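In: Predicted model and sequence follow; I will ask about them next.
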Amino acid sequence: MRTLLTGGAGYIGSHTAIAMIEAGHEVAVVDNYYNSSPEAIRRVEQITGKKIALYEADSADKDRMREILAKERPDCIIHFAGLKAVGESVAKPVEYYRNNIDTTLTLLECMKELGLTNFVFSSSATVYGEDNIPPFTETMPKGACTNPYGWTKWMQEQILRDAAFASEKEDSKLSVVLLRYFNPVGAHESGLIGEDPQGIPNNLMPYISQVAVRRRDHLTVFGDDYDTPDGTCRRDYIHVMDLAEGHVAAAEYAVNNKGTEVFNLGTGNPYSVLDMVKAFSNACGHPVKYEIGPRRAGDVQDSWANADKAKEVLGWEAKRGIDEICRDAWNWQSHNPNGYDK
Ligand code: NAD
Ligand code: UDP
């Protein structure tokens, strides 16, 4: 299968490129390097020994995307491109709505013009909102999001669903797979690629990694007074290579089906913030320094997946646990203390 990965130079896209190539598929990548570097793709080529068609372009630019898609004619588009920082989205909502929603609309318009039909979308568990109780199942109603980033995912899901529904009456029937990621973490086993956030990390695992490598003094744990066994929030941390392999299964599903299908990509196992600090301390061989701070606004106490549907329908399940996650994150961070140095 020929695949085109928008945002493919980013964290999840670059790992998915490896999984796709390892499964025997061809990969082309479009990225504007807003939050990434072409170095990630160079390293994917080094790991896989395969050449990747790499386009520097904005996925919202219709003329460029029409040209690229007409040339590549992918069997499946996997749409990772997007802005993803929750806090920044509160400060810059218009930029978030413009970039994230425009990219999806542009791709849908180009697909229609070119008769391309299969689409996999990077959605998020954030669309379950605050009122559903975990484990989250795909049949639960979507909830209200707590920030503009979440709403962009919520809205893009709806746009894609509506487009697939309308296309049922057309010659080119769309197949849309919405993937709701839980908490992607870790790195490729080689230590050559991994997560490389710009500035101060917002997310737990890159923050812990940077404390472990002594780029930062200590982690602040956001609240230890939640109603959980150790008082800290619980999440479903999924190894990025498990997530990447989930995309292979999803793309293969997309090309063989029509309509819209939604899948959680999670492990089904919740771990607390302090569980992750402990597992990382074991992996790096020294204690990760932390202090307890106040709760972070907008945090939900608990979030984890019911991962049954992906297993039953896609034949996919996460295989790696938190020890592998921390081992691989540490391998990447300790060999690349400043990330890609972009
Ligand atoms: P990332 O920032 O590493 O990757 C996104 C990539 O998209 C970057 O390389 C960026 O340069 C590119 N990009 C952004 N806007 C673009 C545009 N208009 N045109 C072309 N390229 C553009 O993020 P990631 O963690 O790899 O996330 C990938 C996708 O998964 C995003 O849509 C994100 O919202 C979603 N997601 C991520 C997480 C997570 O925790 N990492 C969780 C749920 C969903
Ligand atoms: N967290 C923390 N300190 C940090 C970053 C995150 O205690 O510096 C906590 C956060 O409150 C949440 C968990 O770690 O309970 C996961 O946070 P992350 O931002 O990685 O993911 P999300 O909240 O989006 O699921």
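Out: Arrived safely, thanks for sending. Numbering: from 1, shown residues only. Ligands and ions are numbered 1, 2, ... in the order given.

In: for ligand 2, what are the nearby residues on the stretch 201-342 of the chain?
Out: Residues of the stretch 201-342 of the chain found near ligand 2 (Cβ under 6 Å from any ligand atom) are 202-204, 207, 219-222, 233, 235, 273, 296, 299, 303. The C-beta positions use only the backbone N, C-alpha and C, and glycine is treated the same way.

In: at 5 Å what do you get?
Out: 203, 204, 207, 221, 222, 233, 235, 273, 296, 299 (Cβ under 5 Å from any ligand atom).

In: Make a markdown table from these and add distance to residue 112 to it.
Out: Output for these, formatted as a markdown table (distance: Cβ to Cβ, whole Å):
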| residue | distance to residue 112 |
| --- | --- |
| 203 | 35 |
| 204 | 40 |
| 207 | 42 |
| 221 | 48 |
| 222 | 44 |
| 233 | 42 |
| 235 | 37 |
| 273 | 44 |
| 296 | 41 |
| 299 | 39 |
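
In: Which ones among those map onto strands?
Out: 221, 222, 235 (DSSP state E).

In: follow-up on the earlier one: filter the residues of the stretch 201-342 of the chain next to ligand 2 to the buried ones?
Out: Neighbour-count burial (16 or more other Cβ atoms under 10 Å) is assigned, among those, to 204, 207, 221, 222, 233, 235, 273.

In: quick one: which of the residues you listed is nearest to residue 192?
Out: residue 207 (21.7 Å; Cβ to Cβ).

In: ok, for that closest one, nearest residue in space, not its chain neighbours?
Out: residue 201 (4.4 Å; Cβ to Cβ, 6 or more residues apart in numbering).

In: Quick one: classify that neighbour as helix, strand or coil.
Out: coil (DSSP: H, G, I helix; E, B strand; the rest coil).

In: i'd like the first residue to be 178 from this point on
Out: Yes, from this point I'll number from 178; that puts the last item at residue 378.

In: Count residues in the vicinity of it, would you?
Out: 20 (other Cβ atoms under 10 Å).

In: just the one 5 residues further on next, same as before
Out: Using other Cβ under 10 Å, residue 383 has 20 neighbouring residues.

In: Contacts only, for it.
Out: 372, 374 (Cβ atoms under 8 Å, 6 or more residues apart in numbering).

In: Ligand 1 contacts on the stretch 178-327 of the chain?
Out: So the stretch 178-327 of the chain meets ligand 1 at 184, 186-189, 208-209, 211-213, 235-237, 257-259, 261, 280, 299, 301 (Cβ under 5 Å from any ligand atom).

In: Out of those, name the ones that lie in helices.
Out: When DSSP state H is applied, those are split such that 188, 189, 280 fall in helices.

In: Show me what from the stretch 328-477 of the chain comes close to ligand 1.
Out: Counting by Cβ under 5 Å from any ligand atom, the stretch 328-477 of the chain sits next to ligand 1 at 358, 361.

In: Can you show me the helices along the stretch 328-477 of the chain?
Out: 381-389, 417-432, 450-461 (DSSP state H, counting those that start in this stretch).

In: Make CSV from these and add mean pLDDT to it.
Out: Formatted as CSV, these follow (pLDDT from 0 to 100):
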stretch, mean pLDDT
helix 381-389, 97
helix 417-432, 98
helix 450-461, 98
